[in-house]
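Peer 1: Pasting the sequence and the predicted model now:
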Amino acid sequence: MADFFQLAINGFAIGGVYALAAIGFVIVYEATGVVNFAAGQFVMFGTFAGVAALVNAQLPWPIAYAAALFAMAAFGVLFFLLVYWPLKLSPAVTVIIGTVAISITMQNAALLVFGSWPVRIPSPLEGMTVEVGGAVVSVHALLTMAITALLVGGLWFLLHRTSFGIGMRAVAQDVQAARLMGLKVGRVLAMSWVLGALLAGAAGLLLGPMWFADVNMGDPVALKAFAATIIGGFGSLPGAVVGGIFVGLSEVLGASYISSAYKDLISFGIMIGFLFVRPQGMFGEKIQDRG
Amino acid sequence: MLACNNLTIAHGDVVAVSGVNLQVGAGETVALIGANGAGKTTLLHTISGLNKARSGDIQLDGTSILRLSSDRRVALGIAQAPEGRRIFPGLTVEENLVVATANWKKIRQSCADDLDRVFQLFPRLKERRTQLGWSLSGGEQQMLAIGRALMARPRLLLLDEPSLGLAPRLAEEVYERVKVIASAGLTILVVEQNTVLALAVADRAYVLEAGRVVLDGSAAELRNDSRVREAYLGR
């Protein structure tokens, strides 16, 4: 039982990271209609922003995290200006291929700057554990869960309780009507890229101490986040959260109770199962229900 | 207040509106009538800045607005209730209304008075304020679309086919409200296929056919014009 508890906490923690990555992906998709194939590299950039600030520059924790997140926000603006805006009138396929190209560029840029050796980012809570009911749980995992919950709550507040967030939802639902209501649509779209980059950055920073920081880490994260959105329901924020945690749990529990060699097979198997049986996912709505 | 001078609009190579001259004076209600595909909606979209004009000019109070983005035009006082209502389906009634205050509302500034005014005009919306947009009936959605445009604090209200898809009784109800809004002094340009309803609220009207103004005059004149009666009033 203690084992199970310990594994479940780890599953929730890694699931929280997947959830954040998935939300970053979903926010951009909902607002701009772009399926961002570079989403995994966004997370990788978040991790390496942490490497640069914590390992290379040796900044103190709070400043390092703030600097890394600031860099990610700036990266979101840059991505909006250099990738999304020039392609905004192109067909969807062009934009998607564009994000694939950028994804490869980002990965190789990271390889050039940071090299191919994996680095480990220490956590500010390095080595700290607590005992809960006989299970030894890492404090970093608990903190990851707490931060995920906080960010999801904050995002909900932004989208439902602030004028700016309500405007974001309006733009996501009907761009033309949003223009007629006087919303500054360009600014809202830019903000959704910034939010996407920030969430990916947070995911990357939390992931750093759990995995090794490796320039190839983006693709597995992207696949897991993608599986999370399929399972939760494509385009749904609660779906991304539940889907992310679901994938994290199935991966950790599957690895220890079934086989660690098959841990990816389990989460992707579930995803394929969803595509067959319930393609709209857990929280997805059928398109015609959107009125 | 609003003047379109020799305005030509094209979608690619297809000219939708050609050489239109149209004036709306302050406090006036002007109707733009015509059959489906005559270019009415294209004209309204261009006034709001969703389409570009090929040639000609659009002026608000004597200044050209052609180069302004749509949000700047809303800030100058041009609000539109678009064709097909275009309610934000996943936003509540109240959120739909509040979202339209983006051009003037500062952070922490309240729009409660504006909300009250809209709810007074459309009491049904107040009952439904926490419901999502898609769950409203067609008539309620139309009222929400008009209320939403009013939240932008417009000086010129553009209405695109407010009777579209509504039962006759509901369409009349909507137009009664339009009359109330007009009598409060707001300038209105209404596009409509339902000529009877439009001419009943308008002071003046333009008839658009295949992208050209073929007739214009006071609403009373047009009601009695034989061509209008034959083509649009079915008598």
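Peer 2: Structure received.
Peer 1: going forward, measure contacts and count neighbours with C-alpha atoms only.
Peer 2: Will do.
Peer 1: quick one: the one helix or strand B:G139 maps to near chain A?
Peer 2: According to DSSP states H and E, B:G139 maps onto helix B:138-151. Yes. Using Cα under 8 Å from any Cα of the partner chain, helix B:138-151 reaches chain A at B:R148, B:A149.
Peer 1: Just after that helix, pick out the following helix or strand.
Peer 2: That would be, after helix B:138-151 and using DSSP H and E, strand B:156-160.
Peer 1: Would you mark the buried spots in the helix or strand just after that next one?
Peer 2: Next in sequence after strand B:156-160, counting helices and strands by DSSP H and E, comes helix B:168-183. For helix B:168-183, the neighbour count (16 or more other Cα atoms under 10 Å in any protein chain shown) marks B:L170, B:A171, B:V174, B:Y175, B:V178, B:K179, B:I181, B:A182 as buried.
Peer 1: Could you export helix B:168-183 as CSV, CA atoms only?
Peer 2: In CSV, the C-alpha atoms belonging to helix B:168-183 read as follows (Å, rounded to 0.1, in the frame of the first residue of the first chain):
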residue,chain,number,x,y,z
PRO,B,168,-42.8,37.1,-37.3
ARG,B,169,-44.0,37.9,-33.8
LEU,B,170,-40.4,37.8,-32.5
ALA,B,171,-39.1,39.9,-35.4
GLU,B,172,-41.7,42.5,-34.5
GLU,B,173,-40.6,42.4,-30.9
VAL,B,174,-37.0,43.0,-31.9
TYR,B,175,-38.0,45.9,-34.1
GLU,B,176,-40.1,47.5,-31.2
ARG,B,177,-36.9,47.5,-29.2
VAL,B,178,-35.0,49.0,-32.1
LYS,B,179,-37.6,51.8,-32.2
VAL,B,180,-37.0,52.4,-28.5
ILE,B,181,-33.2,52.6,-29.0
ALA,B,182,-33.7,55.0,-32.0
SER,B,183,-36.0,57.2,-30.0
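Peer 1: What's the first helix or strand after it?
Peer 2: Counting by DSSP H and E, the next helix or strand C-terminal to helix B:168-183 is strand B:187-192.
Peer 1: is that next one anywhere near chain A?
Peer 2: No. Judged by Cα under 8 Å from any Cα, strand B:187-192 and chain A are separated, with a smallest distance of 15.1 Å.
Peer 1: Alpha carbons of that strand, as PDB, please.
Peer 2: Extracted as PDB, the C-alpha positions of strand B:187-192 are listed here (Å, rounded to 0.1, in the frame of the first residue of the first chain):
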ATOM      1  CA  THR B 187     -28.000  56.800 -34.800                       C
ATOM      2  CA  ILE B 188     -28.800  53.500 -36.500                       C
ATOM      3  CA  LEU B 189     -28.000  52.000 -39.900                       C
ATOM      4  CA  VAL B 190     -30.100  48.800 -40.300                       C
ATOM      5  CA  VAL B 191     -29.600  46.300 -43.100                       C
ATOM      6  CA  GLU B 192     -32.700  44.200 -43.700                       C
END
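Peer 1: residues touching residue 199, list them.
Peer 2: Since you didn't name a chain, this refers to chain A. When contacts are counted by Cα atoms under 8 Å, 6 or more residues apart in numbering or on different chains, A:L199 is found next to A:L20, A:A21, A:I23, A:G24.
Peer 1: wrong one, I was asking about chain B
Peer 2: B:A31, B:A205, B:A219, B:A220, B:L222, B:R223.
Peer 1: From those, which land in strands?
Peer 2: Judged by DSSP state E, strands contain the following of the contacts of B:L199: B:A31, B:A205.
Peer 1: ok, so of the contacts of B:L199, who is nearest chain A?
Peer 2: The closest of those to chain A turns out to be B:A31 (Cα to the nearest Cα; 19.8 Å).
Peer 1: Please list the residues of chain A that sit near chain B.
Peer 2: A:163, A:166-167, A:169-170, A:173-174, A:176-177, A:179-184, A:290-291.
Peer 1: In helices, which of those fall?
Peer 2: Of the residues of chain A next to chain B, the ones assigned to helices by DSSP state H are A:S163, A:I166, A:G167, A:R169, A:A170, A:Q173, A:Q176, A:A177, A:R179, A:L180.
Peer 1: Show me the two of the residues you listed that sit farthest apart.
Peer 2: A:S163 and A:Q176 (18.2 Å; Cα to Cα).
Peer 1: Which of those two has more residues huddled nearby?
Peer 2: Between A:S163 and A:Q176, A:S163 has the larger neighbour count (other Cα atoms under 10 Å in any protein chain shown), namely 20 against 17.
Peer 1: Tell me the pLDDT of the residue nearest to that one when sequence neighbours are not counted.
Peer 2: In this structure, A:S163 finds its nearest non-sequential neighbour in B:V99, 6.7 Å apart by Cα to Cα, 6 or more residues apart in numbering or on different chains. pLDDT for B:V99: 94.
Peer 1: Just the element for A:S90, please.
Peer 2: Per DSSP H and E, there is no helix or strand for A:S90.
Peer 1: got the residue ranges for the helices in chain A?
Peer 2: Applying DSSP H to chain A gives helices spanning A:2-32, A:39-50, A:61-79, A:85-87, A:92-114, A:139-161, A:163-173, A:175-180, A:185-207, A:218-232, A:237-257, A:263-277.
Peer 1: Surely B:T101 and B:A149 touch.
Peer 2: No. Under the criterion of Cα atoms under 8 Å, B:T101 makes no contact with B:A149, lying 9.0 Å away.
Peer 1: Which residues are in contact with each of the two?
Peer 2: The contact lists of B:T101 and B:A149 share A:M181, where a contact means Cα under 8 Å, 6+ apart.
Peer 1: I'd like the average pLDDT over stretch B:31-51.
Peer 2: Here the average pLDDT along stretch B:31-51 is 92.
Peer 1: Export that stretch to PDB, keeping only CA atoms.
Peer 2: Coordinates of each C-alpha in stretch B:31-51 appear next as PDB, following Å, rounded to 0.1, in the frame of the first residue of the first chain:
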ATOM      1  CA  ALA B  31     -32.400  51.300 -43.600                       C
ATOM      2  CA  LEU B  32     -30.500  49.600 -46.300                       C
ATOM      3  CA  ILE B  33     -32.800  47.100 -48.000                       C
ATOM      4  CA  GLY B  34     -32.300  44.700 -50.800                       C
ATOM      5  CA  ALA B  35     -32.400  41.000 -51.800                       C
ATOM      6  CA  ASN B  36     -30.000  38.300 -50.700                       C
ATOM      7  CA  GLY B  37     -26.600  38.900 -52.300                       C
ATOM      8  CA  ALA B  38     -27.100  42.600 -53.000                       C
ATOM      9  CA  GLY B  39     -24.000  43.500 -51.000                       C
ATOM     10  CA  LYS B  40     -25.600  44.700 -47.900                       C
ATOM     11  CA  THR B  41     -23.600  42.700 -45.400                       C
ATOM     12  CA  THR B  42     -20.400  43.300 -47.300                       C
ATOM     13  CA  LEU B  43     -21.000  47.100 -47.000                       C
ATOM     14  CA  LEU B  44     -21.600  46.800 -43.200                       C
ATOM     15  CA  HIS B  45     -18.400  44.600 -42.800                       C
ATOM     16  CA  THR B  46     -16.400  47.300 -44.600                       C
ATOM     17  CA  ILE B  47     -17.800  50.000 -42.400                       C
ATOM     18  CA  SER B  48     -16.700  48.000 -39.400                       C
ATOM     19  CA  GLY B  49     -13.300  47.300 -40.900                       C
ATOM     20  CA  LEU B  50     -13.600  43.500 -41.600                       C
ATOM     21  CA  ASN B  51     -13.300  44.100 -45.300                       C
END
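Peer 1: coming back round to it: only the buried subset of the residues of chain A next to chain B, as a PyMOL command please.
Peer 2: The buried residues among these can be selected in PyMOL (16+ other Cα under 10 Å) with this line:
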select buried, chain A and resi 163+166+167+169+170+173+176+177+179+180+181+182+183+184
